[in-house]
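3D model of this:
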Amino acid sequence: MCKKQYCEIRRDQEQFYVHSFWYRSFSGIRGSDRYDPDRFNWVKYQHDNAIHPWVLGGTFPEPMDRKAEAICVREAMRWLEDHPRDRPFFLRLSFNAPHTPVVPPYPFDRLVRKEDVAYPAETEGPGEGQPEWLVRSLKPFADASFLTRDQILEARRYYYGEAAFADYQFGQLLEWMRKRGMLDNTIVVFLSDHGTHIGDRGMLQKQTFYNEVVQVPYMFWWPGRIAAGKRIRTPVEIRTMLPTVMELAGIEAPERCRELSLAHTLRDGTEPDAKPVFCEFTLGTFGIRREDRLVMVLDGGWKMTAWVDAGEALRDGTLHDLSSDPYETRNLFGQPAHAEEERRLGNLILQHLRGCGSSASGS
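Numbering: from 1, shown residues only. Below you'll find the model as predicted:
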């Protein structure tokens, strides 16, 4: 991998894919009359307050090779085939799956049976003390109660099938590269930007700070150069990827992110030093509360979230002691007994925001 040659393959916005399945009514779209939602068992999120009629599950109505991820992999193979073998490369692939529309192709749509899928207990009771921004601003647009139990189970099984399809496609690329000797000295990183809700905590989609959303796969592979078969338990952020890959490749990372590198941890297979972990997003993609900065910090077994206003006041927050409340069902924010922990974590959030500038990160 090298900074001298870079290519990004991104086809998740390919016209066929978007026009057929994205957040639109299926009627009136050219060619969409052949896609009968009932025939392909589409689970759609539709009600009066729904901004997007998400396709939360169903079967892809075309052959597997027309799926966006398959197209992405073919384009990557084509680019690698044309790339000079004596020159290093940096290749990034962006898969849409398993993001909505969740439509795995045959046979991945049948990989997981509905009876083998667990129904999330959190659907019945999302916990006490959820923040107002979630209850009043987000949930009206992403409320799992508009789906039946059967629809939630269907959506979950299709999600697992879609994730398996993405894994299969990535495996196809790696095997193709292996046969051509392209993996002999190549760093491979696999990660996701966020998780999702599929009925758990009464929610759908992302835009929360619950573990279902903020915990993501983050894997490095470089045989003989980094420790193999190790699982790091210390929470880290995926923004560590850039400085880590650069250091492993022998390239000096920018000073502002150099200290985030996990290269030493990967080489030795040891736990990194524990540091506060931050997440941030905006609800602006829903057209609501565009100026809000919603931030989370995880540190020392405590998790705090808050809306931070222009005056740096922390409002509408949550505070959870994960050692005694791992499922985040008891909000301790604002309770005098935990004021010191709330103040400590709040200061970490403000320090983080001051160092990141004025614009919120999208999720």
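
going by C-alpha atoms from here, please, whenever you check contacts or count neighbours.
OK.

what is the mean pLDDT for stretch 163-180?
Averaged over stretch 163-180, pLDDT sits at 97.

got the CA positions of it in PDB?
Extracted C-alpha coordinates of stretch 163-180, given in PDB (Å, rounded to 0.1, in the frame of the first residue of the first chain):
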ATOM      1  CA  ALA A 163     -24.100  -9.400   5.500                       C
ATOM      2  CA  ALA A 164     -23.100 -12.900   4.400                       C
ATOM      3  CA  PHE A 165     -23.300 -11.800   0.800                       C
ATOM      4  CA  ALA A 166     -21.000  -8.900   1.400                       C
ATOM      5  CA  ASP A 167     -18.600 -11.200   3.200                       C
ATOM      6  CA  TYR A 168     -18.800 -13.600   0.200                       C
ATOM      7  CA  GLN A 169     -18.000 -10.900  -2.300                       C
ATOM      8  CA  PHE A 170     -15.000  -9.600  -0.200                       C
ATOM      9  CA  GLY A 171     -13.800 -13.200   0.000                       C
ATOM     10  CA  GLN A 172     -14.100 -13.600  -3.800                       C
ATOM     11  CA  LEU A 173     -11.800 -10.600  -4.200                       C
ATOM     12  CA  LEU A 174      -9.300 -11.800  -1.700                       C
ATOM     13  CA  GLU A 175      -9.100 -15.300  -3.400                       C
ATOM     14  CA  TRP A 176      -8.700 -13.700  -6.800                       C
ATOM     15  CA  MET A 177      -5.900 -11.600  -5.500                       C
ATOM     16  CA  ARG A 178      -4.300 -14.500  -3.700                       C
ATOM     17  CA  LYS A 179      -4.100 -16.600  -6.900                       C
ATOM     18  CA  ARG A 180      -2.300 -13.800  -8.600                       C
END
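
residues in contact with it?
69, 70, 73, 77, 95, 97, 98, 104, 105, 108, 183, 184 (C-alpha atoms under 8 Å, 6 or more residues apart in numbering).

do that again at 6 Å, thanks
Stretch 163-180 is contacted from outside by residue 98, using C-alpha atoms under 6 Å, 6 or more residues apart in numbering.

so which bits of that stretch are buried?
163, 164, 165, 166, 169, 170, 173, 174, 177 (16 or more other C-alpha atoms under 10 Å).

same thing with stretch 41-53?
Under 16+ other C-alpha under 10 Å, the buried positions of stretch 41-53 are 42, 43, 44, 45, 51, 52, 53.
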